[in-house]
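> what follows is a predicted structure for the sequence shown.
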Amino acid sequence: MERSSQKMRIVIVGGVAGGMSAATRLRRLNENAEIIVLEKGPYVSFANCGLPYYVSGEIEKRGSLLVQTPESLRGRFLLDVRPYNEVISIDSAKKEVLVKNKDGEYTLSYDKLILSPGAKPFIPNTPGLKEAKNVFSMRNIPDVDGVTEFITSNHPAKAVVIGAGFIGLEMAESLKHRGLDVTVVEMAPQVLPPFDSEMAAFVQEELEKNGIHVLSGIAARAFHEDGKIVELENGEKLQSDLTIMSVGVLPENALAESAGIKLGMRGGILVDENYETSVKDIYAVGDAIVVKNTVTGGDTMIALANPANRQGRQVADIISGVARKNKGSLGTAIVRVFDRTAASTGLNERQLKATGKEFKAVHITANQHAGYFPGAASIFMKLIFDPKTGEIYGAQAVGNEGVDKRIDIISTAIKGNLSVMDLMELEFTYAPPFGSAKDPVNMIGYAATNIVEGFSDNIQWYELEGKRNEGAFLLDVREPSEVKRGIIDGFINIPLNDLRERLNEVPKDKTVIVSCQSGQRSYMAERILKQHGYKAFNLDGAYNIYSRAKKEEIIKNV
Ligand SMILES: Cc1cc2nc3c(=O)[nH]c(=O)nc-3n(C[C@H](O)[C@H](O)[C@H](O)COP(=O)(O)OP(=O)(O)OC[C@H]3O[C@@H](n4cnc5c(N)ncnc54)[C@H](O)[C@@H]3O)c2cc1C
């Protein structure tokens, strides 16, 4: 296609989060540029994050998912937006792309090319999957149309969701709302693999409470009868009228690869701090690129909407000559699972162990607002940090309300290079309906600072076994009425208020591990013991965390 003018022409591949953020920002900065957005699918600027909520019926109108149209984008931003136009190759020497649409193929030259092709669902090579007629993945409007039409015409009763990540769990909840009997199958030993297992256990609890069957630590190994039977690795066969495949995503990298652009980890497109790929004047953003992890500085891939939108805007700035840098991403994420919310930022313990960094973790249980104000509910929070410097590595939280606020604050703290000591200093809005005079973020800052400053030592739930085997004295300082509901095997109960008088019952020659319900009273007990010359450790998160992490395995009801 011939150039109509000598205006700078910027061609964008992919018309959703990253691509459209780039296009609209480019227009705001360059009234004269020619901006062409090529999208292979039927829609641009649609709300992919909203798709599961349309399945559930919470988003009632399909049109609500279509945030912009080519016409509205032309009207407001003078963008040339072309749905059903797939870029099939790039000739970087000629600075041209080859585009295919319903009328055939055409070439289009560019001065700058931005790739924001996103990520596609990973579809495993499982026998019988290709023949299955009731298996869907969830990426775009045609996918959601496929699922909703299938439900309307076939009235499925049983659903299997394979993969318990964010999209899998959102779909499980949505299908349950539609009245299906839902089973979630996850290969990892826990749901929500980006979380540490003891935090994910709260989410599993919520799924089960709402009637979702959860099978973790097992994969699907075959599909039979056109997909109506899902066979698991252990030979178990699940009946499925509708299956959602949500086992992760892969960068949509074929176009970049065929253009000779360098790829990195997991096939992600490599870019520099200006989002420029290894080929001059070709830039890339969004789910398809490799980014620097804010905490480690190492390579990572993060398929989330906030980074994609930010990167789209930033690449537009850079192309327009504004000083801006790709500073990497933290992977701050959130999911609602029925009445619970789970959110995380930064690194989890598994990722930290892989880096070899020394770290400590603290768990707290705190209310989202003043405990005496109606509706108070617990937030279970975890903070991971450097025990020497207090640098924050990551955080996770699960609760009913207020989880987003706390994780957003900690994510901001990480981006601002604040330490756990700084969390104590943060000042929040407070009135009883909204928070507490000591916000959970302050509280977790206190707990972590106590570790950094040597006032407290803790062990994690998975370290208890080792301490028990070493002969540690296990002390539970809850009230007898609480202990009646369950106590961890081997713990002796001395309520906190009696501890000073009953210190003679605690052997001085043994390490003492103290537990309670949430870890707060056990911390107080630890302080009493330490000041009486004991070597004491707090069981971090105490019964709340341990009982979930280990389930009923070694909890005795007494
Ligand atoms: C069901 C679902 C729920 C989600 N929920 C959340 C959430 O709650 N929170 C969150 O942070 N993130 C969520 N995400 C992730 C978020 O949507 C993505 O991170 C974000 O959209 C990535 O933006 P992108 O521009 O990189 O890719 P996309 O938004 O996927 O856009 C890429 C577009 O490029 C097009 N394309 C690819 N190749 C070509 C080509 N050769 N020619 C032309 N067009 C091409 C594709 O058709 C696609 O439309 C969700 C994703 C899905 C699928």
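On my side now, so go ahead.
> from here on, just use CA atoms for contacts and neighbour counts.
Will do.
> low-confidence stretches in this protein?
1-5, 552-558 (pLDDT under 70).
> which positions in it make contact with the ligand?
13-19, 38-41, 48-49, 51-52, 85-88, 116-119, 138-139, 167, 286-288, 303-306, 308 (CA under 6 Å from any ligand atom).
> now list the buried members of the residues you listed.
13-19, 38-41, 48, 51-52, 85-87, 116-119, 138-139, 167, 286-288, 303-306, 308 (16 or more other CA atoms under 10 Å).
> spit out the contact partners of the residue nearest the centre of the chain.
Residue closest to the average C-alpha location in the chain (CA atoms, centre = their mean): Ala333, at 3.8 Å. Ala333 makes contacts with Leu304, Ala343, Ser344, Thr345, as judged by CA atoms under 8 Å, 6 or more residues apart in numbering.
> ok, for the first one, nearest residue in space, not its chain neighbours?
With CA to CA, 6 or more residues apart in numbering as the measure, Asp287 is the residue that lies nearest to Leu304, at 6.8 Å, once sequence neighbours are left out.
> the one you found contacts Lys120, doesn't it?
No. Look at Asp287 against Lys120 with CA atoms under 8 Å: they stay out of range, at 9.2 Å.
> which residues do the two both contact?
Pro251.
> just the buried ones among the residues of the chain next to the ligand: which are in strands?
Using DSSP state E, the members of these that fall within strands are Val13, Leu38, Glu86, Val87, Ala119.
> what's across from the first one in the sheet?
It refers to Val13. Beta-bridge partners for Val13, by DSSP bridges, are Leu38, Leu115.
> ok, now how distant is it from Glu479?
63 Å (CA to CA, to the nearest Å).
> next: the last one.
In this view, Ala119 and Glu479 are 52 Å apart by CA to CA.
> for the third one, same thing?
Using CA to CA, one obtains 66 Å as the distance from Glu86 to Glu479.
> the fourth one too?
Applying CA to CA, one obtains 67 Å for the distance of Val87 from Glu479.
> what about the helices in the stretch 301-450 of the chain?
Under the criterion DSSP state H, counting those that start in this stretch, the stretch 301-450 of the chain carries helices at the ranges 305-319, 349-355, 403-415, 420-425, 440-452.
> tell me how many other residues surround the closest residue to Ser320 other than its chain neighbours.
Excluding its sequence neighbours, the residue lying closest to Ser320 (CA to CA, 6+ apart) is Leu29, at 6.8 Å. Counted with other CA atoms under 10 Å, residues neighbouring Leu29 total 15.
> one more: Asn234?
10.
> list the residues that contact the closest residue to it other than its chain neighbours.
Nearest non-adjacent residue to Asn234, counting by CA to CA, 6+ apart: Ile218, 7.8 Å away. Applying CA under 8 Å, 6+ apart to Ile218 gives the contacts Val185, Glu186, Met187, Ala188, Pro189, Leu232, Glu233, Asn234.
> out of these, which are buried?
Val185, Glu186, Met187, Ala188, Leu232.
> which of those fall in helices?
Among these, no member is found in helices (DSSP state H).
> could you dump these to JSON lines with distance to Arg266?
Listed next are the buried ones among the contacts of Ile218 as JSON lines, based on distance: CA to CA, whole Å:
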{"residue": "Val185", "distance to Arg266": "24"}
{"residue": "Glu186", "distance to Arg266": "21"}
{"residue": "Met187", "distance to Arg266": "19"}
{"residue": "Ala188", "distance to Arg266": "19"}
{"residue": "Leu232", "distance to Arg266": "26"}
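> understood, closing this out.
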